[in-house]
Structure formats: C-alpha cells, structure tokens
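>>> What would the 3D arrangement of this be:
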Amino acid sequence: MKKNLLLTLTLFLSTFSVVWSQQDPLFSHYMFNKLYYNPGYAGVNGDMDFGLTYRNQWIGYESSFDDGGAPGTALVSMSSPVYIKKIEAGIGGLLMVDNYGFTQDVHFHVTPSYYRDLGPGKISFGLKIGGIYKTVDFTKVRVVDDNDNLIPLGAESRFGADLGLGVWYEAQRFFGGFGINHLLPSSFDFGVRFENNQGDITPAENELVPHFNLMGGVNIEASYELKITPSFIVQSANFDQTVWEVNAMAFYQDRFWGGVSYRSTTDVVALVGMGFLEDNVLKFGLAFDIGLDSQRNEALQPVSPEVYVTYKIPSVGARKKPIVRTPRYRF
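Prediction:
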C-alpha cells in the first residue's frame, strides 16, 4: 500500500503539466510570449514591453475529492533594449507562478541578450538565469493510511537553480529561434521516501530535464491594413515526448487580431484581441482552448481560457528610426 501510494505521488510530482507530460506549462499565446521560450528575444524588437498572461486549465473542473485541482498559471514578463556605446543588447525578466493540485511552482529569471545586424534583420543570443521554488502541501493529500510515516507532514519547499539559452532571429518579414530551458539538472527532494519490495527506503526525487523548443513565423502583408502571420512551435522534454502547434493570425490596422491554432494534443485554439490608446501601446487578448479528445474530456473539462495583456513603451534610445509607411508610395 505504501509503495503504490508513494509511487503515484512521485509520478505526479514529476509532471508539471498533466496534459502533455512536460515540466513546463503551455501557453496558447505562445506567439506573444516569445521571451518565455527564448531569452534571445529580450530587447530585439527595440521597445520596452511589459506582459501578463494568465491561463486557467480546464475551466469548471471539479476534483473527485475536496476542491480545486485544475492548473492555473500566471506569467509576468519584461523586455527592453540596452544601448551601451556601440554594443546592442537587451535585458528581460520573467516571473511565473504555477498552481496545480497540491503543488505550487514559482519561476523567476533574468534574460540578458546580445544582438547584431544580420541581413535584413537581427540575430540575438540570450541567457536565462534564475531559479525555481517548488512547494508541496502534503496536508492537501488524501492518503490511504494516515499513520504512514513515509509521508511528510505539512508543506515542503525546495529551491533549484535554473539555466537556459537561446538564439533568435528577427526581421520585418519573418522570425524564428531555438531555445533550451533547464540545462541544470536540479533535483527536488520533498522528504518523500519510497519503499521497494526488498524493504529498502530511498528518497523520491524530482529532477528537471532539458526542454527544447523551436519557433518560427512569417509576416505577410495581404494589404496596406491587413497582415497575416502563420507561425509554429515545437516543444520537447528531453526528446522523450514532442508537442507541436501551428497557428494563423490576422492583424487589421495592427489594432484588431484574430486567429486559430491546432495543437498535436488534439486541441483547437481560438484567439482574439484588440489594441488600445495611441499607437496601440496597450493590447488585450483572449484565447480559448477546446479539447477534441472525447476520452480525455470524460474526466476533464474541454475548455481552457487564457488572458493576455501587454503594454509597450517605445524606446527613446534606439539609434535607428522606425520605418514610416505612406500610401503615396505604395503601388
């Protein structure tokens, strides 16, 4: 009984996202959260950006016992260019809080980058330096044997250092990059002990594994006011399991947008958004994931909403003036 219970608990702790067995959560607004996936994106667009994304996985989900259980993730980001003499660089920051079941993970990172001109755009190299603070509240765990002394009492928290890197290319007509997260094999021992068939008791540790991602897209000017941007992202945890997603977005006057995505986990995503204030410096977006897997939806809820908000401050230190288009010279 002890072995089965602790084995189940260990498997739960080793998965950050139940949907696709990765340690990192997924975001439907991946095309607006490039910094989260790739630190090379920090400052490369020439503006100071502040972003907030909140995802509620499986809205309306009710656990078999007690309340809660559905994952909820909040991501705060900041990115800005840094101009030091002739060196073009960027700096960014990420803070993510992920709650799922009886666990909470807090990720915090700084993302310095260095970029230079290459062809029609810029190539950038970035680092992701920080840590992850994991907490497990064992008072919320429903156990079979309350007298099982292998189960910790109360809440246990552990910290692990984290490192990532990425390369990014940004041009007016296309973009793309490759990133790696969790290069350090930090492990988290929450005090859980596992008893095998021989009676040996060993710690059940949860170790971070490298996560790889590849993202790219093309900006197509269908008309003076309409831009269409198809994009994709491929994510893999240590190459053990891979999830891909394709998306097509349409932007009208850079103020309104809408699009649709398909994820290899048989999810369809609808996205809409709108810009506010002068030059659309404030933007607000919504996304709704709809699961098509009927067997999975028998236990879970099929809809997962996500909210995205960003505020942009145009950089005053940029040496290059932005391109100003006028209909007079558009033939």
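>>> give me the low-pLDDT residue ranges for the stretch 101-250 of the chain?
Residues of the stretch 101-250 of the chain that meet the criterion pLDDT under 70 lie in 142-154, 190-205.
>>> which residues touch the helix or strand containing residue 179?
Using DSSP states H and E, residue 179 sits within strand 174-181. Contact with strand 174-181 is made by 24, 34, 37-41, 121, 124, 128, 162, 164-169, 210-219, as judged by C-beta atoms under 8 Å, 6 or more residues apart in numbering. Where you see a C-beta, it was placed from the backbone N, CA and C, and this is true even at glycine.
>>> again, but for stretch 233-247
Against stretch 233-247 from outside (C-beta under 8 Å, 6+ apart): 20-24, 26, 30-31, 37, 209-215, 230-232, 259-265, 269, 271.
>>> Find the residue closest to residue 310 in space, skipping its chain neighbours.
Closest residue to residue 310 in three dimensions, ignoring its sequence neighbours and counting by C-beta to C-beta, 6 or more residues apart in numbering: residue 51, at 4.4 Å.
>>> can you map out the strands along the stretch 151-300 of the chain?
In chain order, the stretch 151-300 of the chain shows strands spanning 155-170, 174-181, 187-195, 201-207, 211-218, 220-221, 226-237, 241-252, 256-263, 267-276, 282-291, with DSSP state E, counting those that start in this stretch as the criterion.
>>> who wins for proximity to residue 104 among the ones you listed?
Within the strands of the stretch 151-300 of the chain, the stretch nearest residue 104 is strand 155-170; the backing value is 8.9 Å (C-beta to C-beta).
>>> What helices and strands are in contact with that closest one?
Using 3 or more C-beta pairs under 8 Å, 6 or more residues apart in numbering; DSSP states H and E, the elements in contact with strand 155-170 are strand 103-110, strand 113-118, strand 121-137, strand 174-181, strand 187-195.
>>> Give me the distance from it to the chain's centre.
How far strand 155-170 lies from its chain's middle: 11 Å, per C-alpha atoms, centre = their mean, to the nearest Å.
>>> just checking, residue 280 touches residue 254?
Yes. Contact status for residue 280 versus residue 254: in contact at 5.8 Å, counting by C-beta atoms under 8 Å.
>>> just to revisit the earlier point, got the buried residues for the strand holding residue 179?
The neighbour-count check on strand 174-181 (16 or more other C-beta atoms under 10 Å) flags 174-181 as buried.
>>> And residue 97, what's its pLDDT?
At residue 97, the predicted lDDT confidence score is 95.
>>> That one contacts residue 103, doesn't it?
No. The pair formed by residue 97 and residue 103 falls short of the contact definition of C-beta under 8 Å, at 11.6 Å.
>>> okay, the two: which has more neighbours?
It is residue 103, of residue 97 and residue 103, that has more neighbours when counted by other C-beta atoms under 10 Å, with 19 against 16.
>>> nearest residue to that one other than its sequence neighbours?
residue 136 (5.1 Å).
>>> Report the beta-bridge partners for the one you found.
In this structure, residue 136 bridges to residue 103, residue 156 when assessed by DSSP bridges.
>>> That one - how many residues pack around it?
Considering only other C-beta under 10 Å, residue 136 is surrounded by 25 other residues.
>>> How about residue 240?
Taking other C-beta under 10 Å as the criterion, the count of residues near residue 240 is 9.
>>> From residue 275, how far off is it?
From residue 240 across to residue 275, the span is 40 Å (C-beta to C-beta, to the nearest Å).
>>> Residue 76 now?
On the measure of C-beta to C-beta, residue 76 and residue 275 end up 20 Å apart.
>>> higher neighbour count, the two?
Set residue 76 next to residue 275 and count neighbours by other C-beta under 10 Å: residue 275 wins out with 20 against 15.
>>> number of nearby residues for the nearest residue to that one once chain neighbours are set aside?
Leaving aside its sequence neighbours, residue 275 sits nearest to residue 255 (C-beta to C-beta, 6+ apart; 4.3 Å). Other residues near residue 255 come to 14 when the count uses other C-beta under 10 Å.
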